[in-house]
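Student: My questions concern the predicted model and sequence given below.
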Amino acid sequence: MQSEKQTNSLSKFTSSLKRFIEWIDPILVPLLAILTSMIVGGIIIKSVGGDPILAYKGLLEGSFGSAELGPVKSQRAMSETAVWATPYIFAGLAVALAFKGGLFNIGAEGQLALGAVFSSLIGYALPGWLGVDLPTIIHLPLAILGGLVMGGIWAGIVGALKAYTGGHEVINTIMMNYIALNSTSFLLNGVMKDPSPTNVIARTPLIAESARFAPMFEGLRVHWGFVLALFTAVFIWWLLNKTTLGFEIRTVGANPDAAHYAGVNVKRTLILTMFISGALAGMAGAIEVTGLNYRHELGFSQGYGFDAIAIALLGKSHPIGVVLASILFAAMRNGATRMQFLTQMPVDLISMIQAFILLFVAADAIVRFIFHIKSTGERVVLTRGWGG
């Protein structure tokens, strides 16, 4: 009897351990990739005569504050990290959703820029077109919707090309980036340029007060767009896991042929996936306009769309993982100045560490080999071949 109890207990423990390993595996590799990247970064800092401990201390203080900095500077540090994280969350969700559908959206940069342009246009021009002042409850949602729809349409074109011609979304989104960014430059240097006689920069006029997010706290730049980004991440999780459309997106991403035989409209799903992905990227641009800059300025978003690829990979294409990865990247960007001040290390080191994180996450076999971890989780389908 005692032996049977011991056997049952061992069986329960083994089963629980197996479930724990299955649960932790998706986050274990990203965490170890971050750790490995920080170690490599520390070795580089040490090799050029710097102090890795002091550098990472400065990075942490600059991102989240400390008792040494005081409450005011600490609040400002956390506020700026949230400000950086907001567009990262939206853009990261855009790329992650496309990954779930078996698509590689490299066009988030262009979709974000066009979203910002159209959000700005609605923000400053709509009251004049209508001849009336709009209340915030109408004007602000319209400004965000303009950016969302424009980003969605721009990415939806690529989805339609993929669905009906087999054109590879990677190539098409890269080409669409060039069109979007150069069109944005043309507009900001032309018909949409701020006509103020003192302005010599390629930027739009300021949007109306009624099209702006209010700051969350007086004296800090963090705005309600950050909260909207968190709610959007929860919504995307619900969409992917609790709705028919989400099931179809995941099924097409896993195996489009099987999805077709199961009755899923693969072409429609591809187009919708890219549209929603582009809409999220467009929202990133719209929120930056309505919540932070209050206008669109040429080059303000440079790099967000490409950082989003690393964020989606680090977050394993899971919405909550994307939020955490976005906060990490935002903290590294925001804390870089403090790190440089304390150690005189160039801020380019942060980009180097981010590149190592991306390398170790994308080539997870390296991390698994270093730490002797067996592969148990499913692999994300990033993209398919031409016509696939």
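Tutor: Thanks, I have the structure now.
Student: For residue 303, which non-adjacent residue is spatially closest?
Tutor: Spatial nearest neighbour of residue 303, excluding adjacent residues (CB to CB, 6 or more residues apart in numbering): residue 109 at 7.9 Å. Placement of C-beta: from N, CA and C, glycine included.
Student: residues near that neighbour, how many?
Tutor: Using other CB atoms under 10 Å, residue 109 has 27 neighbouring residues.
Student: buried set for the helix or strand hosting it?
Tutor: Using DSSP states H and E, residue 109 falls within helix 108-130. Neighbour-count burial for helix 108-130, counted by 16 or more other CB atoms under 10 Å, picks out 108-124, 126-127.
Student: what packs against it?
Tutor: helix 71-100, helix 136-165, helix 169-188, helix 266-288, helix 304-314 (3 or more CB pairs under 8 Å, 6 or more residues apart in numbering; DSSP states H and E).
Student: Relative to residue 258, which of the ones you listed is closest?
Tutor: Closest of these to residue 258 is helix 266-288, at 10.1 Å (criterion: CB to CB).
Student: Also compute the angle for the closest one relative to helix 108-130, please.
Tutor: Helix 266-288 and helix 108-130 are oriented at 70 degrees to each other (axes from the mean of the first three to the mean of the last three CA atoms, to 10 degrees).
Student: Quick one: list the elements packing against helix 266-288.
Tutor: Secondary-structure packing of helix 266-288 (3+ CB pairs under 8 Å, 6+ apart): helix 71-100, helix 108-130, helix 136-165, helix 225-242, helix 244-254, helix 256-261, helix 304-314.
Student: Make JSON lines from these and add mean pLDDT and distance to residue 322 to it.
Tutor: Listed next are the helices and strands packed on helix 266-288 as JSON lines, based on pLDDT from 0 to 100; distance: least, CB to CB, whole Å:
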{"stretch": "helix 71-100", "mean pLDDT": "94", "distance to residue 322": "4"}
{"stretch": "helix 108-130", "mean pLDDT": "94", "distance to residue 322": "12"}
{"stretch": "helix 136-165", "mean pLDDT": "96", "distance to residue 322": "17"}
{"stretch": "helix 225-242", "mean pLDDT": "96", "distance to residue 322": "6"}
{"stretch": "helix 244-254", "mean pLDDT": "94", "distance to residue 322": "15"}
{"stretch": "helix 256-261", "mean pLDDT": "91", "distance to residue 322": "24"}
{"stretch": "helix 304-314", "mean pLDDT": "89", "distance to residue 322": "6"}
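Student: out of those, which comes closest to residue 332?
Tutor: Checking these against residue 332 by CB to CB gives helix 71-100 as the closest, at 9.1 Å.
Student: and the angle from the closest one to helix 244-254?
Tutor: Going by the same axes, to 10 degrees, helix 71-100 is angled at 70 degrees with respect to helix 244-254.
Student: From residue 306, how far off is the residue nearest the centre of the chain?
Tutor: Closest to where the C-alpha atoms of the chain average out (CA atoms, centre = their mean) is residue 92, at 2.0 Å. For residue 92, the distance to residue 306 (CB to CB, to the nearest Å) stands at 11 Å.
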